[in-house]
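A.B. asks: Fold the following and give me the result.
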Amino acid sequence: RTWLPIWVLQASELDRPEEAAWKGSDGAAEMLRQDSDDAEDVSLFDADEDGSRKPKKSKIRHPIASFFHLFFRVSAILVYLLCDLLTNKFITCMVSIILLLSCDFWAVKNITGRLLVGLRWWNQVDDDGKSQWIYESRQASVQGKRAASDAESRVFWLGLIICPIIWVIFAFSALFSFKLKWLAVVILGVVLQGANLYGYIKCKVGSRKNLTSLATSYFGSQFLRKAMAKENPEES
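C.D. replies: Below is the predicted model:
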């Protein structure tokens with residue numbers, strides 16, 4: 001009884017064959033969906049699941065790691081800026097900034113990079129006593145459960161790139177204003193945060209050979225494009 005309205009047309013629908021055809025096709029689609037519930041591999045359901053995952057990828061799944069990714073480095077910058085207003089003790093400010101920079105270096109290198117973007121880098125000594133730098137990038141699983149969130153990736157890379165630039169500005173400011181006692185602290189901030197930036201760029205892009213090949217291919221394509229653009233007007 002439930003299948004009869006799908007295929008049997010009423011008398012009023014005979015005058016409107018287009019609407020009747022649409023109703024028949026819709027009913028057939030419902031039957032196919034019901035029959036395919038028990039099927040194992042159906043691409044339509046996989047596409048629906050992928051579409052339902054897209055809005056979830058914009059959420060922050062590791063709020064604590066995201067917080068501490070920015071907390072230590074932003075705190076070090078604030079202490080450096082407000083040190084003269086809070087206290088006149090240079091040693092206290094210097095030790096506080098160094099501790100914050102050290103905690104930031106350890107947290108970003110060992111925790112936040114692995115959780116937020118699936119990247120990590122470290123140094124390993126082999127059996128021959130040679131030091132090797134290893135850069136790894138985690139591949140997303142088939143179901144996309146380990147794919148990096150867009151919001152977490154944005155937080156990670158913005159904090160990783162902007163803060164070293166700020167420390168470079170502080171270095172030039174301390175140099176030109178002759179604040180030599182702060183220059184060592186600022187250089188330490190540039191080195192520690194620049195090392196994390198360099199390490200994660202190597203994890204993301206690849207080794208120096210890959211960077212050279214990418215640059216060569218890019219400039220080569222640009223040169224060929226300009227050469228073709230010059231030849232086309234001459235032929236015309």
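A.B. asks: can you list the weak-confidence ranges in this structure?
C.D. replies: For the chain, the stretches with pLDDT under 70 are 1-58, 139-148, 207-215, 217-218, 231-236.
A.B. asks: Now do the helices in it.
C.D. replies: For the chain, the helices defined by DSSP state H occupy 4-7, 11-14, 17-35, 43-53, 63-86, 90-107, 150-176, 180-205, 208-235.
A.B. asks: nearest spatial neighbour of residue 132, skipping sequence neighbours?
C.D. replies: On the basis of CB to CB, 6 or more residues apart in numbering, the spatially nearest residue to residue 132 that is not a chain neighbour turns out to be residue 124, at 5.1 Å. To be clear about C-beta, it is placed using only N, CA and C from the backbone, and glycine gets the same treatment.
A.B. asks: wouldn't residue 112 be in contact with residue 69 here?
C.D. replies: Yes. Contact between residue 112 and residue 69 holds when scored by CB atoms under 8 Å: they sit 4.1 Å apart.
A.B. asks: intersection of neighbour lists for these two?
C.D. replies: Between them, residue 112 and residue 69 share these contacting residues under CB atoms under 8 Å, 6 or more residues apart in numbering: residue 156.
A.B. asks: got the contact list for residue 125?
C.D. replies: When the contact criterion is CB under 8 Å, 6+ apart, the partners of residue 125 are 131-132.
A.B. asks: so what's it bridging to?
C.D. replies: Taking DSSP bridges, one obtains residue 131 as the residues bridged to residue 125.
A.B. asks: now it: how far from residue 136?
C.D. replies: Distance of residue 125 to residue 136, given as CB to CB, to the nearest Å: 17 Å.
A.B. asks: Same check on residue 100?
C.D. replies: Residue 100 sits 27 Å away from residue 136, taking CB to CB as the criterion.
A.B. asks: between those two, who's got more neighbours?
C.D. replies: For residue 100 versus residue 136, neighbours defined as other CB atoms under 10 Å are more numerous around residue 100 (21 against 12).
A.B. asks: Give the closest residue to residue 171 in space, chain neighbours not counted.
C.D. replies: Closest residue to residue 171 in three dimensions, ignoring its sequence neighbours and counting by CB to CB, 6+ apart: residue 186, at 4.6 Å.
A.B. asks: Now do the one you found: how many residues are near it, please.
C.D. replies: Residues lying near residue 186 (other CB under 10 Å) number 21.
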